[in-house]
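Peer 1: Structure here, sequence nowhere to be found:
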């Protein structure tokens with residue numbers, strides 16, 4: 001490689017020589033890269049890089065030793081890349097490709113892995129069978145992200161809002177009547193600030209448990225304190241409930257009131273040791289949903305606990 005060096009030239013001054021009076025001086029300027037700006041992007045694509053020089057033009061190379069440039073100019077756009085790549089900038093005069101090359105990194109940050117489209121279903125159990133009901137959109141998070149952690153998820157009315165991160169929706173209680181064509185958009189952003197948008201279609205389930213469906217669990221008040229309060233193993237009711245429903249992958253969840261069951265809040269856990277909150281007799285809301293996608297199958301006050 002070539003390294004710039006300085007030289008001192010003396011004019012005369014030796015004994016017997018005619019005194020010299022040089023009219024000017026010469027300055028040798030070595031072209032070099034004086035500044036670089038690295039670039040980054042989310043996912044596969046092109047990256048903009050900058051390299052400034054003090055002379056000549058900037059040539060870009062794919063390696064420190066390659067003899068053919070792949071681009072030129074102080075502001076340069078890389079080819080499409082799928083991973084972080086280092087390119088090399090050279091200040092060149094008259095097409096010279098020798099000299100010190102400066103590395104400039106083009107960073108490719110990963111995009112989150114998501115489901116691009118999902119259908120999210122809830123039961124119309126708000127007391128008005130009109131095809132509209134409230135959704136807890138947070139329950140869709142795991143379906144969209146395939147249970148990936150370290151992601152920030154927000155919901156929006158439109159794709160434009162989702163891409164811009166504007167006008168977020170209250171996720172804990174959103175009625176599909178407020179959605180445009182029963183659709184909302186989930187913006188999923190990772191720690192690198194890279195995001196993708198999932199289209200969420202809201203559906204209201206038409207399935208339900210049979211009219212008058214009710215299960216009972218009975219326990220004797222034999223715990224040494226006659227107060228009408230006892231521990232119940234709710235999984236015993238789960239077995240009975242599933243036996244009466246069509247054979248398919250279903251899960252059963254218990255709540256103290258209809259709103260919690262509808263929005264999947266404050267679920268009774270663990271199911272094996274629930275102390276009834278109302279002495280002697282208490283009714284619980286049961287939420288049955290499919291295990292493959294969490295869609296609601298039916299909600300109702302279907303379990304009575306008796307002490």
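Peer 2: That came through fine. What you see is a predicted model, and the numbers here were worked out from it, not measured in a lab. Numbers count the residues shown, from 1 in each chain.
Peer 1: give me phi/psi at residue 270?
Peer 2: Dihedral angles of residue 270 (phi, psi; degrees, to the nearest 10) stand at phi -70, psi 150.
Peer 1: Next one: it from residue 233, what distance?
Peer 2: For residue 270, the distance to residue 233 equals 9 Å [Cβ to Cβ, to the nearest Å]. Placement of C-beta: from N, CA and C, glycine included.
Peer 1: which residues in the stretch 51-200 of the chain form strands?
Peer 2: 57-61, 71-72, 75-77, 85-92, 102-109, 117-123, 134-135, 152-156, 174-175, 183-189, 195-205 (DSSP state E, counting those that start in this stretch).
Peer 1: Which pLDDT value goes with residue 206?
Peer 2: Looking at residue 206, its pLDDT reads 66.
Peer 1: what do you get for residue 153?
Peer 2: 96.
Peer 1: so it touches residue 144, yeah?
Peer 2: Yes. Counting by Cβ atoms under 8 Å, residue 153 does reach residue 144; the two are 7.1 Å apart.
Peer 1: Could you list the low-pLDDT ranges of the protein?
Peer 2: Counting by pLDDT under 70, the chain shows low-confidence ranges at 1-28, 126-129, 206-207, 293.
Peer 1: Show residues contacting the lengthiest helix in the chain.
Peer 2: Looking across the chain with DSSP state H, the single longest helix is helix 235-243. With Cβ atoms under 8 Å, 6 or more residues apart in numbering as the contact definition, helix 235-243 has outside contacts at 215, 217, 250, 252, 254, 271-272, 286, 288, 302-303.
Peer 1: gap between that helix and the chain center?
Peer 2: In terms of Cα atoms, centre = their mean, to the nearest Å, the centre of helix 235-243 is set 37 Å apart from its chain centre.
Peer 1: just stretch 296-307 next, same as before
Peer 2: The chain centre lies 36 Å from the centre of stretch 296-307; the measure is Cα atoms, centre = their mean.
Peer 1: next one: stretch 231-240
Peer 2: The chain centre lies 37 Å from the centre of stretch 231-240; the measure is Cα atoms, centre = their mean.
Peer 1: Would you work out how far apart the start and end of it are?
Peer 2: End-to-end distance of stretch 231-240 (Cα to Cα, to the nearest Å): 18 Å.
Peer 1: Same question for that stretch: list its buried residues.
Peer 2: Buried residues in stretch 231-240, defined by neighbour count with 16 or more other Cβ atoms under 10 Å: 232, 234, 237-238.
Peer 1: Export these as TSV, with columns for distance to residue 68.
Peer 2: Converted to TSV, those look like this (distance: Cβ to Cβ, whole Å):
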residue	distance to residue 68
232	77
234	72
237	75
238	70
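Peer 1: buried residues in stretch 239-247?
Peer 2: For stretch 239-247, burial by neighbour count (16+ other Cβ under 10 Å) applies to 241, 245.
Peer 1: cool, stretch 210-220 as well?
Peer 2: Buried positions in stretch 210-220, judged by neighbour count with 16+ other Cβ under 10 Å: 213, 215, 217.
Peer 1: what do you get for stretch 185-205?
Peer 2: 185-190, 194-200, 202, 204-205.
Peer 1: can you check stretch 47-54 too?
Peer 2: 47, 49-51, 53.
Peer 1: follow-up on the earlier one: nearest to residue 263, of the strands of the stretch 51-200 of the chain?
Peer 2: strand 134-135 (6.2 Å; Cβ to Cβ).
Peer 1: Walk me through which strands that closest one pairs with, and which way each runs.
Peer 2: strand 174-175 (antiparallel) (DSSP bridges).
Peer 1: The strands of the stretch 51-200 of the chain into a markdown table, with extra columns for distance to residue 42?
Peer 2: A markdown table is the format used below for these (distance: least, Cβ to Cβ, whole Å):
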| stretch | distance to residue 42 |
| --- | --- |
| strand 57-61 | 22 |
| strand 71-72 | 22 |
| strand 75-77 | 16 |
| strand 85-92 | 15 |
| strand 102-109 | 5 |
| strand 117-123 | 20 |
| strand 134-135 | 29 |
| strand 152-156 | 14 |
| strand 174-175 | 28 |
| strand 183-189 | 10 |
| strand 195-205 | 8 |
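Peer 1: Quick one: closest of those strands to residue 278.
Peer 2: Across the strands of the stretch 51-200 of the chain (criterion: Cβ to Cβ), the nearest stretch is strand 117-123, sitting at 24.3 Å.
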